[in-house]
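Student: sequence first, predicted coordinates after that:
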Amino acid sequence: MSHYPLEISPDVELLRDVPYGAVAGRKLLLDLALPKKRDPGAPLPSFVYMHGGAWESGSKADGVPAVCYYAAHGFAAASIDYRLSGEAQFPAALEDCKCAVRFLRAHAGEYGIDPRRIGAMGASSGGHLAAMVGLTPAGKFEGDGGWGGFSSAVCAVCDLFGVHDFLRMPAKPGQRESSAAVRFLGGTPERYIEASPLNHVHTAAPPFLFIHGDSDPVVPLQQSELMHKALKKAGARSALHVVKGAAHGSRNVITPEVREVILGFLRENIACASS
């Protein structure tokens, strides 16, 4: 089956419903997957995983198979809940994602994580959020969820079929005003520009890996092509892996081959990142 295993490996410890922040009196929660065999003298590389769902649905449970898979391969990985568009519009979700990175850094000693080797990964709308975490500077879109004394910087981004330029997303006549993007962004052109990762590309961007199907009818392959080219032009490191015949969604795109591509990227750019 073209997806992550649904059963948790016996080599993985899964900590559920860990509070990582709080906004407006409500807790933000994550599920943290850790390898059971850990060397206290060798802190783990890690990443934060953002689920998809068009910014308006889904939960951290959607990312549990993925984070458990990578934990079985030596990573600490957190699948997070973040505020959906029905609760709060952009940049609330991005602020929560950055808070989760700060939380891992603040609690690195508790979980055996290397605070210098934290990445970001996401699928669909989560891919968009992961890209924004990777590209926006410290002090911007940080929010007040907690752990303000810690950095939200990440050393690598794995972006699966995310939106990168909202103004170039196709829309059928009469549908733009009722789209998920409008419910997420509020509909003003300025917000579309501000929320597009393409407009935040810079020379010092962390390494990126884009995974995208060439038959995606929801988020066209062009979205990842645009970002890949922009990052390369800026002098940043970027790789684009196109999945032939794949449509939208993890069950279409995440083949065993793609899992190996992602693992290779994580090992090279997070596990082996300069410490």
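Tutor: In hand now; what should we look at?
Student: only C-alpha atoms for contact and neighbour calcs from this point on.
Tutor: Fine.
Student: what's across from Tyr49 in the sheet?
Tutor: Per DSSP bridges, residues listed as beta-bridge partners of Tyr49: Ser79, Met121.
Student: how much space separates the closest residue to Ala108 other than its chain neighbours from His107?
Tutor: What sits nearest to Ala108 in space, not counting adjacent residues and going by Cα to Cα, 6 or more residues apart in numbering, is Pro115, at 5.8 Å. Going from Pro115 to His107 by Cα to Cα, to the nearest Å gives 9 Å.
Student: neighbour-wise, which of those two wins?
Tutor: Relative neighbour count places Pro115 above the other of Pro115 and His107, with 22 against 15, counting by other Cα atoms under 10 Å.
Student: helix, strand or coil for Gly134?
Tutor: helix (DSSP: H, G, I helix; E, B strand; the rest coil).
Student: list the contacts for it?
Tutor: By Cα atoms under 8 Å, 6 or more residues apart in numbering, the residues touching Gly134 are 120, 153-157, 205-206.
Student: can you give me the strands for the stretch 51-200 of the chain?
Tutor: Secondary structure of the stretch 51-200 of the chain (DSSP state E, counting those that start in this stretch): strands at 76-80, 113-123, 157-160.
Student: before we move on, back to that, which of the contacts of Gly134 are buried, as a PyMOL select command?
Tutor: Buried residues among those (16 or more other Cα atoms under 10 Å), as a PyMOL selection:
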select buried, resi 120+153+154+155+156+157+205+206
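Student: and which of the contacts of Gly134 is nearest Ala247?
Tutor: The nearest member of the contacts of Gly134 to Ala247, counting by Cα to Cα, is Val157 at 21.5 Å.
Student: among the contacts of Gly134, which two are most distant?
Tutor: So, the contacts of Gly134 by Cα to Cα: farthest apart are Ala120 and Ala205, at 12.7 Å.
Student: which stretches of the stretch 51-200 of the chain have low pLDDT?
Tutor: Within the stretch 51-200 of the chain, the ranges that satisfy pLDDT under 70 run 172-178.
Student: what do you get if the cut-off is 90, keeping everything else the same?
Tutor: Residues of the stretch 51-200 of the chain meeting the criterion pLDDT under 90: 138, 170-179, 187-188.
Student: contact partners for the spatially closest residue to Gly122 that is not a sequence neighbour?
Tutor: Spatial nearest neighbour of Gly122, excluding adjacent residues (Cα to Cα, 6+ apart): Met50 at 4.5 Å. Shown in contact with Met50 (Cα under 8 Å, 6+ apart): 60, 63, 79-81, 97, 120-123, 126-127, 129-130.
Student: ok, Arg191 next?
Tutor: Listed by Cα under 8 Å, 6+ apart, the contact set of Arg191 reads Leu185.
Student: with Glu260 instead?
Tutor: If you count contacts by Cα under 8 Å, 6+ apart, Glu260 has none.
Student: torsion angles phi and psi at it?
Tutor: Here is the backbone geometry of Glu260 (degrees, to the nearest 10): phi -70, psi -40.
Student: that one and Asp96, how far apart?
Tutor: As judged by Cα to Cα, Glu260 and Asp96 stand 29 Å apart.
Student: now do Lys60
Tutor: Lys60 sits 13 Å away from Asp96, going by Cα to Cα.
Student: any idea how far the residue nearest to Ala108 is from Gly74?
Tutor: Noted for Pro115: a distance of 15 Å to Gly74, by Cα to Cα.
Student: try Asp144
Tutor: 31 Å.
Student: which one of those two is surrounded by more residues?
Tutor: Gly74 (21 against 14).
Student: the closest residue to the more buried one other than its chain neighbours bridge partners, please.
Tutor: Closest residue to Gly74 in three dimensions, ignoring its sequence neighbours and counting by Cα to Cα, 6+ apart: Pro35, at 6.0 Å. Beta bridges link Pro35 to Val12, judged by DSSP bridges.
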